[in-house]
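# Following is a predicted model, sequence given first.
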Amino acid sequence: MEQKSTQDYLKAIYGLSKNGDLISTTQISQKLNVAPASVTEMLKKLSEENYVKYSPYHGSSLTEKGLQEAKRITRKHRLLETFLSEVLHIGKDKVHTEACKMEHTLSDEAEESLCRLLKHPDICSDDGKTIPACDLPFATCEECIKLHNQGLEEVGKRKENLVALSELKEGQPGKIQFIRGGHNVLQRLLDMGLTPSTKITLIKAAPFNGPIEVLVRGSKLAIGRGIASKVFVEPASKESA
Amino acid sequence: MFSKQKKIGRAEKNIKHLTIALAGNANVGKSVIFNQLTGSNQIIGNWPGKTIDRAEGTLSFEGQDIKVIDLPGIYSFSTFSMEELVSRDYIALEKPDVVINVLDASVLERNLFFTLQLLEMQAPIVLCLNQVDVAKSKGMIIDKDKLQTSLGVPVVFSTATRGEGIYEVVREAVKVATQKPKPRPFKYRKELEERIEQLKTLIEKENLSLQYPSRWIAIKLLEGDSKITEIVAVKSQAVLTASKTIATDLQKSCQEPCFSIIAQERYALASSIAANALQQNEIWTTFSDKLEWLTTHRVWGYFTSAGVIVGLLLWTFFVGNALSGIIADGLNLIQPVDPVLTSQLPILAIIINGVWGGIVAGLTLVIPFVIPFYLLLAVVEDSGILTRVAFMMDSTMHKIGLHGKALIPIILGYGCNVPAIQACKIMETRRERLLAAFAITFAPCSARTIILFGMVGLFVGIHWALLLYVVDLIVIFVLGRVAMKAVPGKSTGLIMEMSSFKRPSAKVVLKQTWARTKSIIYVVFPIYIVFSALVQVLYAFNVLAPLSDALAPLTVWWLGLPAFAGVLLILGTVRKEFVLVGAVAILGTSDLLVGFTPVQLVVMALVAMLYIPCVATVAILGKEFGWKATAVITAANIAVALLVGGLAFRLLSLFI
């Protein structure tokens, strides 16, 4: 079995976890195709490095630091997948492995250019998963958007560790931080009360990538998944609802 | 006061008309109030976007006639949709004497966001807090006085469905209209307000002589409103340049686009006003929430959606089946078209057979099929379940380039394609309206149901008729996908309010059914009569037979139909069910097996179902989308009908 890097582990835990669920060692071992013993060992190491909160027999979750690193690498991975399949037309079967190799060497600068080249994709074309929002400083990306994108605008401020509205759990509240989209869509979302710093709760997500239903300012709205994946929120725990 | 009335009452005899406009968010009950006030039958229903064009009516209040305008429901005065543009121009330019701003009391904050925009326009307003019963059931109690003081406008509570508070609203509205109190100006945060003021001063100095209030123009310019920018650009470059400088400056200091800053400011204000007026805000789980859970459940939700989509069809089919049996017995006594008369006295035939045939065709359509459909549709519509179906089916609809909301007009199309195509206005872009309208031209309207039932269900078997429904739904889906690929452009995503469930009121349901039936009668009967007569003319001049001979290669060779089917298809362009009526007339018996084999009946019904949309549909398509698009749609319909019909003929011949 080949050696898996820190980044591979973080990526695996990030991929498995949705909003802070504890991930079992078995899950990780299956995902990475690594023996459970090695996983336990690695988790201990990651926990020492403060990437992972690991409690034996319960499972592990990412720390802030770990989450950031995982998102960074996942973003690169999914951008690369999109690039490989959409631009280079590399076969679906090879895209994932290829991206796995490339992601570790892709510089932030190259990532930014890639993002621009692909016109700021939100969804990975390979597996249909959401590409994490880029964590680049707001000023840079604003320029980036202004210069290189047709009609895409942004409201609100980027912060670290945001998740897309569509990634919230049912019943989980969050606080809107920034929204990206065409002018008309942004205007409509603002008009409907989705302004930055507003509390929003995911009520329901329809299956098959269907829309989500949210509660915002006392009204219930249905929002298509595409739009919801461009609304970024700071998740709060269910209890604080 | 009189100067304004002259303008409004230009076409009226009575010069003393006041004008009241109803404005507010979608689905807050404006049309219910409008119907209460004017006694009209404006279509209402529990889904956003029913009021397409503004409706007008008259109210007689304490001896004076008042004109009432029902504006479409909107969330903002931006340029997102035609409705928003039309509404804001109506309020700003035609200046109604008073605007009754109808609010959903249970969603106070969002509704006040719109109220603030009305106040920005300096419209004289009365607030009508509707659905206070719903708010109460959710545990919300609103302090009217506090709301009144913080907004500086009269506030009235109402529960329009029960007629409560309607009189008070009108009384307050008339008071505002006649006394014209100056609305108290409200201010945004200093940072924004100063800049608005700065721009406003410049606008007033430049004297743009626009009908809009200058503060409102200033706000819209800062927001980057395309329409207002365009108008101002013509009048004064100085204002335009200044507004750009100020906007950039504001944008820089807040690190946020201006339109977002302004929306946030409005919401901050709306939120504080709402919080101040809400005495209790403890959300209770209501019966509506439980239904909500069921209808959007990941499994049950699909059952509900399928229930609505298929159930409405089955209901129409089986109830139509039962009723038409009864009516057919009655109609056996009166022959729709008298063939003897046609051959002997052509002129008389044109009049008698034309008119009488038209009326009979109308009656056999309306009573058994249209009325039951609209009855159930009104129940479904009024309950609020349609938005849930749209929610559940959104991802499916995306496969044909539309979003979930498009399903609502398509379902309306089960009744009649014409109003359904008009309802496509709820879609945001022209591309989506076009795609939805195209799908609707295949929707199994009640005329198609009659053909399926009368040709296939009766003579071949009910399951064959039901199978054709399935074929139709598949055709809609497949062609929807083709159309999506063919029409350039991007799909927009769904943003739709999920209104609370309501128990449908019997009164509303009956009224609605009648209103729709009536409008069908008004639209359809004249067309029936005129075209039936026209067909008789063609008959008299012996044009139909050569025509059907000319069509023989298609009808006989490709579709395997009897030669006279060509005539039927020509008749059917008027109204689809003429195919059936015509077959009975030509065969001289209602037993269609005399002239057709079972396979031919299935193919005939299939072709009739899919080919050219009827003249009324073609007319409405032309009006909404222009003749080019209409020609393409019609051609596509014919091509599909021939393709599917020919294939079906060859396939069925193998089995039967």
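Received, thanks.
# Which residue, other than its chain neighbours, is closest to whatever residue of chain A ends up closest to chain B?
Going by Cβ to the nearest Cβ, chain B is nearest to A:Gly224 of chain A, at 3.2 Å. The C-beta positions use only the backbone N, C-alpha and C, and glycine is treated the same way. Excluding the flanking residues, the one nearest A:Gly224 by Cβ to Cβ, 6 or more residues apart in numbering or on different chains is B:Gly493, at 3.2 Å.
# Next, the one you found: secondary structure please.
Put simply, B:Gly493 is coil when judged by DSSP: H, G, I helix; E, B strand; the rest coil.
# which other helices and strands contact the helix or strand hosting A:Gly15?
A:Gly15 is part of helix A:6-16, with elements assigned from DSSP states H and E. Contacts defined by 3 or more Cβ pairs under 8 Å, 6 or more residues apart in numbering or on different chains; DSSP states H and E place helix A:6-16 against helix A:25-32, helix A:36-48, strand A:52-55, strand A:59-62, helix A:64-82.
# the inter-axis angle of the longest one versus helix A:36-48?
Angle, helix A:64-82 to helix A:36-48, by axes from the mean of the first three to the mean of the last three Cα atoms, to 10 degrees: 120 degrees.
# Keeping just the C-alphas, turn helix A:64-82 into PDB.
Output in PDB follows, covering the C-alpha atoms of helix A:64-82 (Å, rounded to 0.1, in the frame of the first residue of the first chain):
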ATOM      1  CA  GLU A  64     -10.000  25.000  11.800                       C
ATOM      2  CA  LYS A  65      -6.500  24.600  10.500                       C
ATOM      3  CA  GLY A  66      -7.200  21.200   9.100                       C
ATOM      4  CA  LEU A  67     -10.400  22.400   7.400                       C
ATOM      5  CA  GLN A  68      -8.600  25.300   5.800                       C
ATOM      6  CA  GLU A  69      -5.900  23.100   4.500                       C
ATOM      7  CA  ALA A  70      -8.400  20.500   3.300                       C
ATOM      8  CA  LYS A  71     -10.500  23.000   1.500                       C
ATOM      9  CA  ARG A  72      -7.500  24.500  -0.200                       C
ATOM     10  CA  ILE A  73      -6.500  21.100  -1.500                       C
ATOM     11  CA  THR A  74     -10.000  20.000  -2.300                       C
ATOM     12  CA  ARG A  75     -10.500  23.200  -4.300                       C
ATOM     13  CA  LYS A  76      -7.400  22.500  -6.200                       C
ATOM     14  CA  HIS A  77      -8.400  18.900  -6.800                       C
ATOM     15  CA  ARG A  78     -11.800  19.800  -8.100                       C
ATOM     16  CA  LEU A  79     -10.600  22.700 -10.200                       C
ATOM     17  CA  LEU A  80      -8.000  20.400 -11.700                       C
ATOM     18  CA  GLU A  81     -10.600  17.700 -12.400                       C
ATOM     19  CA  THR A  82     -12.800  20.200 -14.100                       C
END
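# Can you list the buried residues in that helix?
By 16 or more other Cβ atoms under 10 Å in any protein chain shown, the buried positions in helix A:64-82 come out as A:66-82.
# try stretch B:414-430
Residues of stretch B:414-430 classed as buried: B:414-428 (neighbour count, 16+ other Cβ under 10 Å).
# And those, which is closest to B:Ala238?
Each of the buried residues of stretch B:414-430 was scored against B:Ala238 by Cβ to Cβ, and B:Glu428 proved nearest at 34.9 Å.
# dump the residue contacts of B:Val310.
The contact partners of B:Val310, by Cβ atoms under 8 Å, 6 or more residues apart in numbering or on different chains, come to none.
# Let me see the ranges of the strands in chain A.
A:52-55, A:59-62, A:152-156, A:163-164, A:173-182, A:199-205, A:212-216, A:219-223, A:231-235 (DSSP state E).
# for the helix holding A:Gly15, what is the average pLDDT?
Mean pLDDT, computed over helix A:6-16, is 80.
# Repeat that for stretch B:621-641.
pLDDT averaged over stretch B:621-641 gives 90.
# List the buried residues in that stretch.
Neighbour count says stretch B:621-641 has B:621-622, B:624-625, B:629-630, B:632-634, B:636-638, B:640-641 buried, by 16+ other Cβ under 10 Å.
# Using TSV, please lay out those residues together with secondary structure and distance to chain A.
Formatted as TSV, these follow (DSSP: H, G, I helix; E, B strand; the rest coil; distance: Cβ to the nearest Cβ, whole Å):
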residue	secondary structure	distance to chain A
B:Leu621	helix	26
B:Gly622	helix	28
B:Glu624	helix	21
B:Phe625	helix	21
B:Ala629	helix	23
B:Thr630	helix	27
B:Val632	helix	27
B:Ile633	helix	26
B:Thr634	helix	31
B:Ala636	helix	27
B:Asn637	helix	29
B:Ile638	helix	34
B:Val640	helix	27
B:Ala641	helix	31
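# domain assignment for the chain?
By default, I'm working from chain A. By the record's domain assignment, chain A is partitioned as A:6-62, A:75-132, A:155-240 (automatic domain parsing).
# meant chain B, my bad for not saying
B:2-179, B:190-281, B:300-655.
# Of these, which is nearest A:Thr97?
A:Thr97 lies closest to domain B:300-655 among these, at 29.5 Å (Cβ to Cβ).
# For that closest one, measure first residue to last.
37 Å (Cα to Cα, to the nearest Å).
# Also stretch A:214-227?
13 Å.
# how far does that stretch sit from the chain's center?
Distance of stretch A:214-227 from the chain centroid (Cα atoms, centre = their mean, to the nearest Å) equals 20 Å.
# Correct me if wrong: B:Leu435 contacts B:His403.
No - if you go by Cβ atoms under 8 Å, B:Leu435 and B:His403 don't touch, sitting 10.5 Å apart.
# ok so, going back, could you tell me the least trusted of the domains of chain A?
Across these, the lowest-scoring stretch is domain A:75-132, with a mean of 75.
# Kindly report the residues of chain A close to chain B.
Counting by Cβ under 8 Å from any Cβ of the partner chain, the positions of chain A adjacent to chain B are A:138, A:153-157, A:183-193, A:195-196, A:198, A:204, A:206-211, A:213, A:217-227.
# do you know which of the strands of chain A lies nearest B:Asn321?
Using Cβ to Cβ, the nearest of those to B:Asn321 is strand A:219-223, at 35.7 Å.
# what lines up beside that closest one in the sheet?
If you go by DSSP bridges, strand A:219-223 pairs up with strand A:212-216 (antiparallel), strand B:495-497 (antiparallel).
# any idea of the angle the longest one forms with strand A:173-182?
Following the same axes, to 10 degrees, one obtains 110 degrees for the angle between strand A:212-216 and strand A:173-182.
# How about residues contacting strand A:212-216?
Strand A:212-216 has contacts (Cβ under 8 Å, 6+ apart) with A:165-166, A:192-194, A:198-206, A:220-223, A:225, A:228, B:296, B:391, B:498.
# Got a ChimeraX select line for the buried ones in the residues you listed?
Once 16+ other Cβ under 10 Å is used to decide burial, the buried members of the contacts of strand A:212-216 can be selected in ChimeraX as follows:
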select /A:165,166,192,193,194,198,200,201,202,203,204,205,206,220,221,222,223,225,228 /B:296,391,498
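# separation between B:Leu559 and B:Ile474?
Going from B:Leu559 to B:Ile474 by Cβ to Cβ, to the nearest Å gives 19 Å.
# Who has more neighbours out of the two?
For B:Leu559 versus B:Ile474, the count of surrounding residues by other Cβ atoms under 10 Å in any protein chain shown is larger for B:Leu559: 25 against 11.
# Correct me if wrong: the more buried one contacts B:Gly646.
Yes - using Cβ under 8 Å, B:Leu559 is in contact with B:Gly646, at 5.9 Å.
# Make CSV out of the domains of chain A and add distance to B:Phe564.
Below are the domains of chain A laid out as CSV (distance: least, Cβ to Cβ, whole Å):
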stretch, distance to B:Phe564
domain A:6-62, 65
domain A:75-132, 54
domain A:155-240, 48
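# Name the stretch among these that sits most buried.
domain A:155-240 (a mean of 21; mean count of other Cβ atoms under 10 Å in any protein chain shown).
# quick one: that one to chain centroid distance?
14 Å.
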